[in-house]
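Asks: pasting the structure only:
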Ligand code: SF4
């Protein structure tokens, strides 16, 4: 089984906090899909004989491209490999793009799961984030999607400029009233080279400090757990059976293929593990889509170990203690680190596996770093 990712690199405008690879405007959409066809055919050897369990269409804003382009690409892909009978085809969408007609077209094209970039159900936060949709639209579209798709996920952001406990409670309250199958909760991070970074540096806006962010995150963990959502990753919560198949496969380090500019692939064979990335430039992608790979690296034993610890510690299936002990040279220092985190209540051990606790999810990267580097 294999999963696929498609990167659609278009947005109407760049949000102040975003550092993804994308271009603004629609002018090059047709050219992009022609190039994507060529890239897909050029990779037919990688697809041949494979069964695809999940496809994730991300971006950018996939919902701003005409659905017929996506439908055609899925048909081209299906001719080159097999789709599992219960395949999950997920698409990231912004509320302002999701008319009833568009949702029905997406459903007819084979999309089974919508991941809606709601970000907030409050006018104040949507305004602070510079999003194009209204709070009312976010609620209405989520409710409409829940009547049409097998799985609906909602993205929320906490820690935006001006955020406080009551705004976050309003977000959680509305999300839980709508009861999507899945919620992704992101803490806003101020990435270098973004508009938000410049605004913060100039003192034009302030973002909540780490303590407030942590407290908002913990409020969400408690509220969602009470309503039957299971936290299966640092930022992701689902009702039973509604985790994101593609995302979970990447955290489990299962192989996947990425298409489109800046998309990554991970190939696994008994001999080696290979990470590849497509060129992060639409212009260069359009010029040579059949030669889009810009980066290819075979992972060393140390790199495999580091990835395994960082990625598997994030998810709720836990980390094998024996694997951890054998993979590094820390010896006694590792035992001390495990004992310290157990005592702090950030991890728990069941038989031979270590799991993050609710509190520990906040410190996933810090714990992984200690386990690897001491
Ligand atoms: S819509 Fe999403 S991908 Fe596009 S600029 Fe905003 S945050 Fe980035």
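Replies: The structure has been received and is ready for your questions. Not measured: the values here are computed from a predicted model. Numbering: from 1, shown residues only.
Asks: give me the element the residue of the stretch 201-350 of the chain found nearest the ligand is part of.
Replies: Using Cβ to the nearest ligand atom, the point where the stretch 201-350 of the chain gets nearest to the ligand is residue 262, with a distance of 11.6 Å. Yep, even glycine has a C-beta here, placed from its N, CA and C like the rest. Using DSSP states H and E, residue 262 sits within no helix or strand.
Asks: swap in residue 54?
Replies: For residue 54, the enclosing helix or strand under DSSP H and E is strand 51-59.
Asks: hang on, residue 96 packs against residue 138?
Replies: No - applying Cβ atoms under 8 Å, one finds residue 96 not in contact with residue 138, separated by 9.4 Å.
Asks: which of the two has more neighbours?
Replies: Set side by side, residue 96 and residue 138 give different neighbour counts by other Cβ atoms under 10 Å, the larger being at residue 138 (28 against 18).
Asks: that one is in what secondary structure piece?
Replies: For residue 138, the host element (DSSP H and E) is helix 135-146.
Asks: same for that helix, what does it pack against?
Replies: In terms of contact count using 3 or more Cβ pairs under 8 Å, 6 or more residues apart in numbering; DSSP states H and E, helix 135-146 is assigned the packing partners helix 100-109, strand 113-119, helix 123-129, strand 151-158, helix 165-178.
Asks: lowest average pLDDT across the ones you listed?
Replies: Taking the average pLDDT of each of those, the minimum falls on helix 123-129, with a mean of 92.
Asks: now check it, is it near the ligand?
Replies: No - counting by Cβ under 6 Å from any ligand atom, the ligand has no neighbours in helix 123-129; the shortest distance is 8.3 Å.
Asks: can we start the residue count at 27 from this point?
Replies: In the new numbering, first residue 27, that becomes helix 149-155.
Asks: and the residue nearest the centre of the chain, how far from residue 160?
Replies: Centrality entry for the chain: nearest residue to the mean C-alpha point is residue 273, 6.1 Å, by Cα atoms, centre = their mean. When distances are taken as Cβ to Cβ, to the nearest Å, residue 273 and residue 160 turn out to be 28 Å apart.
Asks: just the closest residue of the stretch 127-276 of the chain to the ligand, please.
Replies: residue 143 (5.9 Å).
Asks: and for that residue, the neighbour number?
Replies: Neighbour count for residue 143, taken as other Cβ under 10 Å: 23.
Asks: show me where the stretch 177-326 of the chain has helices.
Replies: For the stretch 177-326 of the chain, the helices identified by DSSP state H, counting those that start in this stretch occupy 191-204, 221-227, 236-252, 271-277, 308-313, in order along the chain.
Asks: so, low pLDDT: which residues of this structure?
Replies: Under the criterion pLDDT under 70, no range of the chain is flagged.
Asks: tell me the domain ranges of it?
Replies: What automatic domain parsing lists as the domains of the chain is 28-276, 328-399.
Asks: buried deepest among those, which one?
Replies: By mean neighbour count, with neighbours taken as mean count of other Cβ atoms under 10 Å, domain 28-276 ranks first of the domains of the chain at a mean of 18.
Asks: on that earlier part again, from residue 250, how far off is the residue of the stretch 227-376 of the chain closest to the ligand?
Replies: Residue 288 sits 31 Å away from residue 250, taking Cβ to Cβ as the criterion.
Asks: residue 307 now?
Replies: For residue 307, the distance to residue 250 equals 39 Å [Cβ to Cβ].
Asks: residue 292 contacts residue 300, doesn't it?
Replies: Yes - under the criterion of Cβ under 8 Å, residue 292 is in contact with residue 300, at a separation of 7.3 Å.
Asks: who's more crowded, these two?
Replies: Looking at residue 292 and residue 300 with other Cβ under 10 Å, you find the greater number of neighbours at residue 292, namely 20 against 15.
Asks: can you name the residues of the protein sitting close to the ligand?
Replies: Close to the ligand, as judged by Cβ under 6 Å from any ligand atom, the chain has residues 37, 40-41, 44, 46, 48, 85-87, 120, 143.
Asks: would CSV of these with distance to residue 226 be doable?
Replies: Supplementary listing: these in CSV, determined by distance: Cβ to Cβ, whole Å:
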residue, distance to residue 226
37, 22
40, 16
41, 15
44, 15
46, 19
48, 21
85, 25
86, 24
87, 25
120, 24
143, 22
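Asks: could I get those as a markdown table with secondary structure?
Replies: Output for the residues of the chain next to the ligand, formatted as a markdown table (DSSP: H, G, I helix; E, B strand; the rest coil):
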| residue | secondary structure |
| --- | --- |
| 37 | strand |
| 40 | coil |
| 41 | coil |
| 44 | coil |
| 46 | coil |
| 48 | coil |
| 85 | strand |
| 86 | coil |
| 87 | coil |
| 120 | coil |
| 143 | strand |
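Asks: distance of residue 61 relative to the ligand?
Replies: Separation of residue 61 from the ligand (Cβ to the nearest ligand atom, to the nearest Å): 20 Å.
Asks: any chance of the helices and strands packed on helix 161-172 in a markdown table, with distance to residue 219 too?
Replies: Compiled in a markdown table, the helices and strands packed on helix 161-172 are given as follows (distance: least, Cβ to Cβ, whole Å):
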| stretch | distance to residue 219 |
| --- | --- |
| helix 126-135 | 32 |
| strand 139-145 | 21 |
| helix 149-155 | 18 |
| strand 177-184 | 19 |
| helix 191-204 | 27 |
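Asks: of those, which is nearest residue 79?
Replies: Distances from residue 79 to each of these were compared using Cβ to Cβ; the shortest belongs to strand 139-145, at 12.7 Å.
Asks: so what's residue 228 up against?
Replies: Taking Cβ atoms under 8 Å, 6 or more residues apart in numbering as the contact definition, residue 228 lies against nothing.
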